[in-house]
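**Q** fold the following and give me the result.
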Amino acid sequence: MRLMYLIFALVLAMLGMLIWLMLLPEPAMSTGSPHPDIALMNVGGEGLARLGDTVGIVFWLQATAQCVMILLIALGVSESRRTGLFWSVIGAILLLSLGVWSALYLSYLGYLDTGETGYLLGFPTATTVMLFGIWGTGATLCLLYVLGFRRFIFSKEDEAAYEELLAASLTPEIPEDDSPGATEGQ
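**A** Residues are numbered from 1 along each chain as shown. I've put the predicted structure just below:
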């Protein structure tokens, strides 16, 4: 299957999930209720209940978006350079990204369910995952670009061919004058 078709299918799946989310009934207390003591202030209801039936759909929507992002990155690499090594590295980055997303989402759901959060590296768990996990996953993509540039993006052969084309385009060509009488004065 061509990569574009897979990306298109995943985008259609995301569209389907978004439509599904829009068609779900609004969960009870999702916008809160009037505060008993302070006028013009709302109080939220049960944290997890506010998400209603959206819990699973939201998770899979983001997971699908991450798959699309990785596949779009792969689409930027020439088909001849998408080797087994490339797919292994990009697949590992996708698994890392999905693992970080799962950890973030589960820590958020845990907080909504219990009202308590754990701590990791001196921060609340979700904050640690955001600081180190989300940024770290992006950093792995940057590392792939930097370390794999010559292998996957722009090889020495590509550079030599480019330099040859550039040199050929900079060589001035003197047009021949084929007009009548152009050779008469010589």
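**Q** lowest average confidence, helix or strand, in the chain?
**A** Of all helical and strand segments in the chain, the minimum by mean pLDDT, DSSP states H and E falls on helix 47-51, at a mean of 78.
**Q** and it, how far out from the chain's middle?
**A** Offset of helix 47-51 from its chain centre (C-alpha atoms, centre = their mean, to the nearest Å): 27 Å.
**Q** with stretch 137-152 instead?
**A** Distance, centroid of stretch 137-152 to centroid of chain: 14 Å (C-alpha atoms, centre = their mean).
**Q** the chain: strands as residue ranges?
**A** For the chain, the strands defined by DSSP state E cover 33-34, 42-43, 119-120, 123-124.
**Q** what about the helices in the chain?
**A** Here the chain has its helices, by DSSP state H, at 3-23, 47-51, 54-75, 84-114, 125-128, 135-147, 156-170.
**Q** now tell me what touches the fifth one from outside.
**A** This means helix 125-128. Contact with helix 125-128 is made by 103, 104, 107, 108, 111, 117, 118, 119, 120, 121, 122, as judged by C-beta atoms under 8 Å, 6 or more residues apart in numbering. All C-beta spots, glycine's among them, are computed from the backbone N, C-alpha and C.
**Q** low pLDDT regions in this protein?
**A** 1, 177-186 (pLDDT under 70).
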